[in-house]
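>>> just coords:
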């Protein structure tokens, strides 16, 4: 029996563990893959208050070691479900706790192109606010048609010398206010009714091949590619016990409580407007302190 079980070892889950351990609670962290979450893919983190620059991997390693040294139990096992008795069942074992914090995060939806994974952190990014400043006065492309893609294009247009905005349809799904803002930017070029079919480069991105509706392919030389085609949360296994929305995110009216008493949420797994490292660690701290308070 643990005081708190945390599902997910990204920044939100590790921060929740940190706060729970400092309150002298017995903590188990369950993680299917490895610690760190999406932040390990960031070549540099330079928007975290008080830290000028650190690689995402190094940040995750320091946080993991900090939590490990405080006495957290880590089990690298895949959670398959939570039952009606609030037992956390993995592919190997069953665990019990007084409180559960779900910090399963969300994965950036990928284009699933051959060279995409190899060039993450070498020109391919999924976070303009994280990596945009590395492309000052350079040429970048943004792919997507929703609010995130439009926001990224607006943000990057004030940093990069040129921004290509690529979308598979002839109109955007995002809010018109972002479209209006983009129209004011002279360095943004639209490539509509088109898809990226190839990412070129070995040690770093060199160019992309874009195929239009007529089947014609053009090669565009760029320094960076920002992919903003949505995220994929990993919460389907919990829908029997808590409420999730149509997109798979955990519903939480106050940002910490789920629909099930004793089960809390933190980080990118929940419905929220901003998914950043700062908001993830904030969620983790709030979830842990709330759980501790309500256990008494």
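Structure received. Only a predicted model underlies this, so the values are computations on that prediction, with no experimental measurement involved.

>>> Would you mind measuring from the residue with the largest distance to the centre of the chain to residue 113?
No residue in the chain sits farther from the centre than residue 214, which is 34.2 Å out by CA atoms, centre = their mean. To residue 113, residue 214 is 21 Å away according to CB to CB, to the nearest Å. Yep, even glycine has a C-beta here, placed from its N, CA and C like the rest.

>>> Same check on residue 287?
From residue 287 to residue 113 the distance is 36 Å (CB to CB).

>>> Which residue of those two possesses the greater neighbour count?
Residue environment comparison for residue 287 versus residue 113 gives the larger neighbour count to residue 287, 31 against 17, counting by other CB atoms under 10 Å.

>>> And the more buried one, how far from residue 217?
Taken as CB to CB, the spacing of residue 287 relative to residue 217 amounts to 48 Å.

>>> now residue 296
Residue 296 sits at a distance of 63 Å from residue 217 (criterion: CB to CB).

>>> and the two? which has more neighbours close in?
Neighbour tally, residue 296 and residue 217, criterion other CB under 10 Å: the higher count belongs to residue 217, 11 against 4.

>>> The more buried one: what's it in contact with?
Residues near residue 217 by CB atoms under 8 Å, 6 or more residues apart in numbering: 197, 209-211.

>>> and with 6 Å instead?
With contact taken as CB atoms under 6 Å, 6 or more residues apart in numbering, residue 217 is in contact with 209, 211.

>>> got it, and residue 120?
Residue 120 neighbours (CB under 6 Å, 6+ apart): residue 41.

>>> Please name the bridge partners of it.
Beta-bridge partners recorded for residue 120 (DSSP bridges): residue 124.

>>> distance of it from residue 143?
When residue 120 is compared with residue 143 (using CB to CB), they lie 14 Å apart.

>>> got it, and residue 154?
Residue 154 sits 15 Å away from residue 143, taking CB to CB as the criterion.

>>> These two: who's more crowded?
With other CB under 10 Å as the criterion, residue 154 and residue 143 differ in neighbour count, and residue 143 comes out ahead with 24 against 21.

>>> so what's that one up against?
Remark: with contacts taken as CB under 6 Å, 6+ apart, residue 143 is in contact with 166, 196, 227.
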